[in-house]
Structures are given as structure tokens and as C-alpha cells.
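1. pasted the sequence and its predicted model underneath.
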Amino acid sequence: MAFDFRGGKRERLSVSKVSKSSWTPMDDWRYKYASKSVQLPPEITEKVTLKALETGYRHIDSAKYYANEKECAVAMKKSGIDRSKIFFTTKVPASSMSYEKAKEAIEQSVAAADLGYIDLILLHAPYGGKEGRLGAWRALVEAQKAGHVRSIGVSNYGIHHLEELEEYINSGVGGQISVGQYEIHPWCAREDIVAWLKKRNVVVEAYSPLVQAQRMDEPVLQNLAKKHNKTGAQILIRWSLQKGYVPLPKSVTDSRIVENTQVFDFELSGEDMESLNTGIYAPVCWDPAKDVPL
Ligand SMILES: NC(=O)c1ccc[n+]([C@@H]2O[C@H](COP(=O)([O-])OP(=O)(O)OC[C@H]3O[C@@H](n4cnc5c(N)ncnc54)[C@H](OP(=O)(O)O)[C@@H]3O)[C@@H](O)[C@H]2O)c1
């Protein structure tokens with residue numbers, strides 16, 4: 001297919017409640033509120049995912065927490081596209097951050113997707129305390145050895161969590177952090193974490209790359225959109241690509257699903273990129289990388 005980036009798209013569905021001392025109902029509310037999570041019937045996920053696949057997207061970013069792994073996988077199968085050409089990601093929930101719970105969550109995700117294997121499983125967020133985080137990683141490593149998942153990684157890990165994990169990996173448990181997924185856009189650039197990851201050749205995925213559509217009217221974005229005859233969304237995706245990230249734009253709107261792929265016929269100049277260097281740190285989603293201590 002024409003796209004050389006893995007545009008992600010999917011929708012969150014009914015989000016199950018979680019209860020664990022380290023992941024409180026308030027965290028649950030905060031995440032859902034911050035991410036504007038909506039409850040949609042499963043057929044929306046299937047339909048929207050199918051539209052994305054038909055349009056050329058080849059990366060589906062799901063999560064056990066989104067409760068839509070099965071519907072994403074059904075769309076993948078219905079698309080008729082060879083399994084090996086689609087990259088399917090899911091995540092171990094924040095409420096499952098221990099060896100036993102992560103193992104169970106992974107088994108459930110593998111069964112729900114029923115795709116033979118999962119391309120990438122991430123630890124969704126660094127909750128669970130040290131023992132929980134490291135135990136969950138060990139469960140991922142075992143699942144990889146068993147052939148259930150090809151690559152493993154983390155999401156929302158701060159440098160302190162990453163270093164804790166790196167030490168654990170080097171102590172003999174093994175595994176490799178192949179991907180780090182973070183909220184990244186010009187108003188949340190996370191340059192310190194990106195530098196840490198890039199130094200180790202970890203692929204950086206950028207979630208909420210459109211700032212959840214909250215900054216489309218920013219003059220800097222509007223100016224660039226006008227200059228390049230593109231939309232604000234296309235400028236943001238292009239910024240992400242030129243930074244070397246894998247942007248994960250989400251839309252349930254057919255026209256936007258298409259619009260968000262039309263980013264390969266122009267280039268932002270060095271000056272354009274510099275103008276998007278806002279220096280502002282204003283995440284729109286949750287922020288466990290910063291909020292969760294060791
Ligand atoms: N690892 C994590 O903790 C984490 C957290 C959050 C998100 N994610 C992943 O990242 C994906 C994207 O993040 P996100 O949904 O938070 O934010 P996003 O992709 O930045 O923004 C989605 C919003 O932008 C709108 N939109 C899409 N294309 C547009 C366009 N061309 N013009 C104007 N508005 C447009 C969408 O509206 P419509 O849908 O109505 O078109 C939706 O309201 C998620 O689906 C999820 O897979 C991961």
C-alpha cells in the first residue's frame with residue numbers, strides 16, 4: 001500500500017472499570033475524561049477500522065482497556081488483507097500490572113483478537129509499583145518467547161521507569177523495548193524521553209498527534225496550513241513523521257480518515273518545524289510518565 005507510515009485508527013468502546021490500589025477509580029475517570037473516551041457500539045469499531053484499512057492504513061492501535069480488540073481483529077479479517085501486512089497492537093491495562101495479572105490479560109487479548117499472533121503488546125502505563133511493573137514485563141517476555149507476540153514495549157513510561165526496566169532487562173530477564181508510545185505533539189514534545197528512546201533505537205509512537213483536535217485554531221498551525229494548502233491535522237501528522245515518529249491519528253469520520261493520509265505530497269521546512277517548537281508542555285490526555293513515581 002502507498003503509505004509508509006503506520007497510521008493508527010480505532011475507537012474506544014465501553015471502557016471497563018478497574019479497581020486496584022495503584023490504579024484508582026479517580027485515575028480511571030481522569031483517563032476517560034482526558035481522552036474524551038466515548039462508548040460506542042462494537043459495530044462502529046469494525047466499520048471504522050474497515051474504512052481505515054480500505055483507505056490504506058496498516059496499523060491498528062488497540063488496547064485491552066478500550067475493549068475493542070475483537071472488533072478490530074474482525075475488521076482485519078473481513079478486509080481480506082493478508083495478516084502479515086497489518087500491524088496490530090494491544091496493551092496490558094494499568095490495572096493488570098503484576099506478573100500474574102499481566103499473564104492473564106495477555107492470554108485474554110490473544111484469545112479476543114484470535115489473529116494467530118499479536119504484532120506488538122505494550123505495557124499501557126507504569127502503574128503497579130516496581131514489583132508489578134517488572135512482573136508485567138516478565139509476563140510479556142514469556143509471551144514473546146511462546147510466539148504469542150512479535151514485539152514488546154511500553155507506553156507512558158517516564159525516564160525513571162525506563163531506567164528501572166532497563167536495569168531489570170540487563171539483569172537477565174531479557175526482552176527488548178522495541179517501542180515506546182507517548183502523547184507527543186508540538187504542545188507536548190517530550191524531548192528528554194524521545195532522546196532516551198532514540199539513543200537505544202526504540203521506535204517512538206506518538207499518540208494524540210492531533211492534540212485531540214483541541215488546537216486546530218492555533219495561529220502557528222493555521223499559518224502553516226495556509227502556506228502548504230493543507231489542514232491543521234495534516235500539518236501535525238507531517239510534523240510527527242518528520243520528527244521520525246509513528247503518529248497514531250484517530251478519526252471515526254470517513255473524510256478525515258482519508259484526509260489524515262494525504263501527508264506525503266509536501267514537506268515542512270526547517271523553519272516550519274522550528275515554528276512548531278512551542279516549548280509548551282500541555283498534555284491533553286493522562287500523564288503517567290510524569291505523575292507516577294517509582
Ligand atoms: N497509550 C495511551 O495511553 C494512549 C492514550 C490516548 C490515545 N492513544 C492512542 O492514540 C490514538 C489517537 O489519540 P487520540 O484519539 O487521543 O487523539 P487524536 O488522534 O490526536 O485526536 C482525535 C480527535 O481528532 C479528531 N480528528 C481526527 N482527524 C481530524 C481532522 N483531520 N481534522 C479535525 N479533527 C480531526 C477526531 O474526531 P473524529 O473521530 O470525530 O473524526 C477526534 O476528536 C487513540 O485512538 C489510541 O489508539 C493511546
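-> Structure's in. What do you need?
2. quickly find the element holding the residue of the chain positioned farthest from its centre.
-> Most distant from the centre of the chain: Lys227, at 29.7 Å, with distances by CA atoms, centre = their mean. Using DSSP states H and E, Lys227 maps to helix 219-228.
3. that helix: what's the following helix or strand?
-> Sequence-wise, the next helix or strand downstream of helix 219-228 (DSSP H and E) is helix 232-242.
4. show me what that following helix is packed up against.
-> Judged by 3 or more CB pairs under 8 Å, 6 or more residues apart in numbering; DSSP states H and E, helix 232-242 is in contact with helix 219-228, strand 246-247, helix 254-259. In this view, the C-beta of every residue, glycine as well, is placed from N, C-alpha and C.
5. tell me what angle that helix forms with helix 219-228.
-> 90 degrees (axes from the mean of the first three to the mean of the last three CA atoms, to 10 degrees).
6. a helix runs through Lys101, doesn't it?
-> Yes - assessed by DSSP: H, G, I helix; E, B strand; the rest coil, Lys101 belongs to a helix.
7. what is the neighbour count of it?
-> 19 (other CB atoms under 10 Å).
8. now it: how far from the ligand?
-> In this view, Lys101 and the ligand are 18 Å apart by CB to the nearest ligand atom, to the nearest Å.
9. can you name the residue of the stretch 1-150 of the chain nearest to the ligand?
-> The ligand sits closest to Asp61 of the stretch 1-150 of the chain, with a gap of 3.8 Å, by CB to the nearest ligand atom.
10. what residues are bridge-paired with that residue?
-> Assessed by DSSP bridges, Asp61 has beta-bridge partners Thr89.
11. check contacts around the closest residue to Trp239 other than its chain neighbours.
-> In space, and not counting its chain neighbours, Trp239 is closest to Leu276: 5.4 Å by CB to CB, 6 or more residues apart in numbering. Leu276 is in contact with Pro186, Val220, Leu221, Leu224, Ile235, Trp239, Leu268, counting by CB atoms under 8 Å, 6 or more residues apart in numbering.
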